[in-house]
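Engineer: Kindly generate the corresponding structure for this input.
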Amino acid sequence: MSTTLIFTVVIQMLLLLLSISAHEAAHAWVADRCGDSTSRLLGRVSLNPLRHLDPFGSVMLPLLLVGLPLLAPGTQMPVFGWGRPPVVLVKNLRRPYWNALMVSAAGPAVNLLLAGLATVAVGIAAAVAGGDARKAALATLLGQIDDGSGRLAGFPVMFTLVRLATINAFLAAFHLLPLPPLDGGQIALQMLPADWAEKLAVLRPYGLMIGMALAMLWVVPLLVLPFHIILLLVINA
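Structural biologist: Sure, this is the predicted structure:
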């Protein structure tokens, strides 16, 4: 078993846990700033992954997705997941309607911020380290991790930065799907007319399963494709 492949599994799992923690902590922090301290008192304004773990969404599913190349070499799946949503009491928010929208949007916004910062870091690292680093970043973006071509000089840093960017972009797109209980679904329930919202709310028990299907059937990856093109341009700049 390739040490490079093992490295990619471990790093992707750590990056995903960090990104999920930042996502959930952002929800809790915005809720606290808007008047509801419930999640802060429960310790959810934290980057500690243990405070946000969902057994399936944070552990079992991600391990399956990142470990699949070990079981079936050459197989690629998008890496994503979710954490336990923080407790938010809307009645405690100072401006319930607008503050609830802010709380829902906070998680994906932080993922987009992390994706943007990582993209800038990729550009800087590629410019400083030169051609080999660009090749490593490009190989990572294209999923050509362990092909024995010698393209992965400077691999650990470039792999980590590129995957930090792409994982967070994917998490933002996934969580913004208009499917309750995902953040996009929560936003849609608030903004849609009452009769439409009532119909959408029926999907709540199935929202995560539908979202998973859309992610694994490459619908969500298509939504993230423009970001990958931007990242490609940054790498080759």
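Engineer: Against residue 71, how distant is residue 235?
Structural biologist: When distances are taken as C-beta to C-beta, to the nearest Å, residue 235 and residue 71 turn out to be 29 Å apart. Using the backbone N, CA and C atoms, a C-beta is placed for each residue, glycine as well.
Engineer: if you count what's nearby, which of those two comes out ahead?
Structural biologist: residue 235 (22 against 8; other C-beta atoms under 10 Å).
Engineer: Just name whatever secondary elements the helix or strand harbouring residue 18 is in contact with.
Structural biologist: Following DSSP states H and E, one finds residue 18 within helix 3-33. Packed against helix 3-33 by the contact rule (3 or more C-beta pairs under 8 Å, 6 or more residues apart in numbering; DSSP states H and E) you find helix 38-41, helix 61-71, helix 96-129, helix 155-175.
Engineer: what's the helix or strand of the chain with the lowest mean pLDDT in contact with?
Structural biologist: Least confident helix or strand, the chain: helix 61-71 with a mean of 86, by mean pLDDT, DSSP states H and E. Residues from elsewhere that reach helix 61-71, judged by C-beta atoms under 8 Å, 6 or more residues apart in numbering: 1, 5-6, 8-9, 12-13, 16-17, 75-81, 145, 212.
Engineer: Which pLDDT value goes with the residue nearest the centre of the chain?
Structural biologist: Centroid check for the chain by C-alpha atoms, centre = their mean gives residue 171 as the closest residue, at 2.5 Å. Reported pLDDT at residue 171 in the predicted model: 98.
Engineer: what about stretch 181-195, start to end distance?
Structural biologist: With C-alpha to C-alpha, to the nearest Å applied, stretch 181-195 spans 18 Å between its terminal residues.
Engineer: That one: which residues count as buried?
Structural biologist: Counting neighbours by 16 or more other C-beta atoms under 10 Å, one finds that the buried residues in stretch 181-195 are 181, 182, 183, 184, 185, 186, 187, 188, 189.
Engineer: Next: stretch 84-99.
Structural biologist: By 16+ other C-beta under 10 Å, the buried positions in stretch 84-99 come out as 85, 86, 88, 93, 96, 99.
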